[in-house]
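Participant: model the following, please.
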Amino acid sequence: MVRIYIAILVFAFCEMGYSADESQQPPLLYTLTIDDKSQIIQLDTPTKIDCSLVNPTVVLSASPVRHFSYGCIEFDYPANYTWEAEIMDDMDKQWTLSGTDATIIISLNPEQVGTKDVAQALFEGFSKNSPTITLCERVIGDTTYKGQCVTVRFSETTLVTEVYAFPSEYGSRIFMLQDILTDDGKHSADAESFFKLLGNTLKVHSVSSLLAQPEK
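Facilitator: Predicted coordinates for the structure are as follows:
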């Protein structure tokens, strides 16, 4: 008897759950302080506050960061970064977060794509400007990530792109850190600020994929 396998779910699950619309920028949270009590609130979201109001002192302050939590990856990033999302399908997605000098790119691909593949594609794209590829590594939290670094010079500007890969049981998860270096060849203040946030907040969750099961 021939067993027929049918795909019941071509989708990625992770320990942190799933967001219905991963094209949406993470919300900016606010802290509402009434006298000595504080509560985190979100715009256009009803919130109950248990307190007695007698000539209270009220302060509303915006969080300096937003919390990225897509693709089974979590981290804080500066709230003023711009947001771009390309959601092609459940396992083909890319998010781009851009600051003044630094850019973060998170890419999910259903195919096995390595750091060498991405670096080579960047190298070819920058070929007219004589780019170079070197090995690089970055310590983020308690983990050392090893990857490829593409450096290219545009007139008076040096652009460096560090390419790393996060573990993935299905397809691939690529994480790129792009920065415009200072005149003395160091990372920009914008990038350094993000690196600090990343080191304190990055969480990479396990991905499991349930692709098929036999039809009974």
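Participant: and whichever strand in the chain runs longest, which strands flank it?
Facilitator: Looking across the chain with DSSP state E, the single longest strand is strand 143-154. Strand pairing for strand 143-154, determined by DSSP bridges: strand 132-140 (antiparallel), strand 157-166 (antiparallel).
Participant: pass me the low-pLDDT residue ranges in the protein, would you?
Facilitator: 1-20, 208-216 (pLDDT under 70).
Participant: in it, which spans are helices?
Facilitator: 115-125, 189-201 (DSSP state H).
Participant: any figure for the gap between residue 76 and residue 129?
Facilitator: Distance of residue 76 to residue 129, given as Cβ to Cβ, to the nearest Å: 33 Å. The C-beta positions use only the backbone N, C-alpha and C, and glycine is treated the same way.
Participant: who has more neighbours, the two?
Facilitator: Remark: of residue 76 and residue 129, residue 76 carries more neighbours, 20 against 11, as counted by other Cβ atoms under 10 Å.
Participant: which stretch among the helices of the chain approaches residue 72 most closely?
Facilitator: Nearest to residue 72 among those is helix 189-201; the distance by Cβ to Cβ comes to 14.8 Å.
Participant: and the closest one with strand 143-154, angle?
Facilitator: If you take axes from the mean of the first three to the mean of the last three Cα atoms, to 10 degrees, helix 189-201 sits at 170 degrees to strand 143-154.
Participant: how close does residue 135 get to residue 176?
Facilitator: With Cβ to Cβ as the criterion, residue 135 and residue 176 are 15 Å apart.
Participant: of those two, who's got more company?
Facilitator: Each of residue 135 and residue 176 has its neighbours counted (other Cβ under 10 Å); residue 176 has more, 22 against 10.
Participant: quick one, what contacts the nearest residue to that one once chain neighbours are set aside?
Facilitator: Nearest residue to residue 176, sequence neighbours excluded (Cβ to Cβ, 6 or more residues apart in numbering): residue 105, at 4.1 Å. By Cβ atoms under 8 Å, 6 or more residues apart in numbering, residue 105 lies in contact with 94, 95, 96, 97, 174, 175, 176, 178.
Participant: now, of the strands paired with strand 143-154, which is deepest in the fold?
Facilitator: strand 157-166 (a mean of 20; mean count of other Cβ atoms under 10 Å).
Participant: what's the angle from that one to helix 115-125?
Facilitator: If you take the same axes, to 10 degrees, strand 157-166 sits at 160 degrees to helix 115-125.
Participant: list of residues touching strand 157-166?
Facilitator: Under the criterion Cβ under 8 Å, 6+ apart, residues 73, 114-115, 118-119, 122, 136, 138, 145-153, 172-181, 185, 204 lie in contact with strand 157-166.
Participant: thank you kindly, that will do.
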